[in-house]
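Student: have a look at this fold, sequence not included:
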């Protein structure tokens with residue numbers, strides 16, 4: 001039985017340095033070039049651009065489209081060249097419209113990706129140097145400050161008040177405090193406080209970290225690999241396909257039945273066959289593909305006005321048929337911002353006093369920028385000329401509270417907010433709506 005190697009967050013940093021043949025002073029330029037050739041560029045595998053011809057042909061794979069093409073061929077064979085030309089024009093226009101929209105969306109995504117130029121500060125030959133993110137290799141020591149993107153999966157060597165936004169991986173809106181240390185091998189992703197991950201970024205503080213994985217070997221790269229599989233067929237596409245198959249079956253049965261009846265009554269075989277084929281042409285909904293493409297394209301145009309790139313026209317119908325869109329976390333599928341709905345007292349009534357205290361706390365806190373404080377400040381504004389800040393106890397992950405000491409109207413007031421259970425633990429009284437105080441129980 002082969003023993004599985006321990007993950008890097010479960011190994012002391014000196015052992016990880018030894019395994020990667022690296023030092024806290026970073027790599028040499030020659031060693032970095034060799035590793036870049038060995039591990040490859042530090043980027044996720046780019047999605048293969050869809051071949052133009054393949055994308056164009058894909059617009060004509062629906063059973064309804066195939067049925068209409070068959071009807072056009074029959075019309076042409078029966079001498080109805082005008083009808084055949086009309087059907088073909090409608091089909092080609094519909095297919096080209098879908099092709100133009102999806103091709104334009106793919107090109108727009110490629111242009112957006114091409115504009116992203118990211119660099120990382122690494123130690124090379126013992127000197128800090130800014131290099132393209134693609135050139136970062138395992139064994140590099142990176143210097144991180146507020147606003148920096150994490151260039152790969154890293155183990156922290158040392159840090160100072162380091163907080164990282166990991167919402168892209170975990171969905172958690174609030175920053176996570178990171179520090180050097182050793183954790184258990186089975187520690188879940190959102191609790192690996194000694195590790196940094198590609199696709200996240202530093203909110204505040206600073207750190208020196210050792211890059212252990214790059215590119216597709218990172219946690220973010222593995223997520224990207226899972227997302228790269230072909231998207232499943234939408235409900236709308238399934239419905240159109242089933243409708244096309246049903247129409248094809250009904251048409252075929254009617255054609256065979258009518259042909260058989262005409263033959264049974266001893267009518268000419270050729271005339272019976274041509275009559276049945278003409279009936280098949282008449283049963284096909286020639287305008288349906290064009291109507292579908294035009295309606296979906298209008299939806300894509302409306303989404304484009306809201307700065308949304310629609311990569312697949314069929315997804316518009318799914319989006320339009322939603323009654324409720326549920327997201328588990330702010331900052332992943334949503335805008336990443338919080339809006340304040342109301343400030344309420346213990347009885348659940350809107351309270352101007354509670355709102356003012358919340359505003360004072362949000363206006364004077366400086367330790368950690370967070371979306372709730374931004375939402376409070378954006379919701380309202382109070383006159384602070386008679387208020388003076390005296391001190392601040394920043395938020396930390398032990399107290400899970402943030403306290404601001406102010407002089408308000410000549411009276412010293414300590415305003416605390418944080419996790420509900422942690423705030424209640426240090427409270428003894430609650431203010432009732434009539435202004436009286438009651439035990440917190």
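Tutor: Yes, it's here. Remember, it's a predicted structure, so these values are computed and weren't measured experimentally.
Student: I'd assumed residue 205 was in contact with residue 165.
Tutor: No - under the criterion of Cβ atoms under 8 Å, residue 165 is not in contact with residue 205, lying 12.0 Å apart. For the C-beta atoms, the positions are set from N, CA and C on the backbone; glycine is no exception.
Student: strands along the stretch 251-400 of the chain, start to end?
Tutor: Applying DSSP state E, counting those that start in this stretch to the stretch 251-400 of the chain gives strands spanning 387-393.
Student: pLDDT below threshold where in it?
Tutor: Applying pLDDT under 70 to the stretch 251-400 of the chain flags the ranges 269-290, 327-336, 367-369, 397.
Student: repeat that with 90
Tutor: Counting by pLDDT under 90, the stretch 251-400 of the chain contains low-confidence residues at 251-339, 347, 365-374, 381, 383-386, 392-400.
Student: now do the helices in it.
Tutor: Using DSSP state H, counting those that start in this stretch, the helices of the stretch 251-400 of the chain run over residues 269-283, 288-305, 315-320, 352-364, 371-379.
Student: output the contacting helices and strands for whichever helix or strand residue 248 is part of.
Tutor: Using DSSP states H and E, residue 248 sits in helix 235-264. Packing contacts for helix 235-264, counted by 3 or more Cβ pairs under 8 Å, 6 or more residues apart in numbering; DSSP states H and E, involve helix 63-77, helix 269-283, helix 315-320.
Student: what mean pLDDT does the helix or strand where residue 406 lies have?
Tutor: Secondary structure assignment for residue 406, by DSSP H and E: strand 401-408. Average pLDDT, strand 401-408: 91.
Student: could you check how far residue 151 is from residue 33?
Tutor: For residue 151, the distance to residue 33 equals 17 Å [Cβ to Cβ, to the nearest Å].
Student: ok, the two, which is more surrounded?
Tutor: residue 151 (28 against 13; other Cβ atoms under 10 Å).
Student: which residues does the more buried one contact?
Tutor: Residue 151 sits next to 42, 118, 120, 122, 133, 136, 140, 142, 198, 211, 214 when contact means Cβ atoms under 8 Å, 6 or more residues apart in numbering.
Student: got a quick PyMOL command for the buried subset of those?
Tutor: The following PyMOL line selects those of those that are buried, judged by 16 or more other Cβ atoms under 10 Å:
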select buried, resi 42+120+122+133+136+140+142+198+211+214
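Student: any chance of the contacts of residue 151 in TSV, plus distance to residue 322, pLDDT and secondary structure?
Tutor: Output for the contacts of residue 151, formatted as TSV (distance: Cβ to Cβ, whole Å; pLDDT from 0 to 100; DSSP: H, G, I helix; E, B strand; the rest coil):
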residue	distance to residue 322	pLDDT	secondary structure
42	38	86	coil
118	34	75	coil
120	40	88	strand
122	45	92	strand
133	36	87	helix
136	40	92	coil
140	44	92	coil
142	42	93	strand
198	32	90	coil
211	41	93	strand
214	38	91	coil
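Student: ok, the contacts of residue 151 vs residue 23, which is closest?
Tutor: Closest to residue 23 out of these is residue 140 (11.0 Å), distances taken as Cβ to Cβ.
Student: looks to me like residue 224 is in a helix.
Tutor: Yes - the assignment for residue 224 (DSSP: H, G, I helix; E, B strand; the rest coil) places it in a helix.
Student: quick one on the thing from earlier: give me the residues contacting the strand holding residue 406.
Tutor: Contacts of strand 401-408 (Cβ under 8 Å, 6+ apart): 360-361, 364-365, 367-368, 386-395, 412-419, 422-423, 426.
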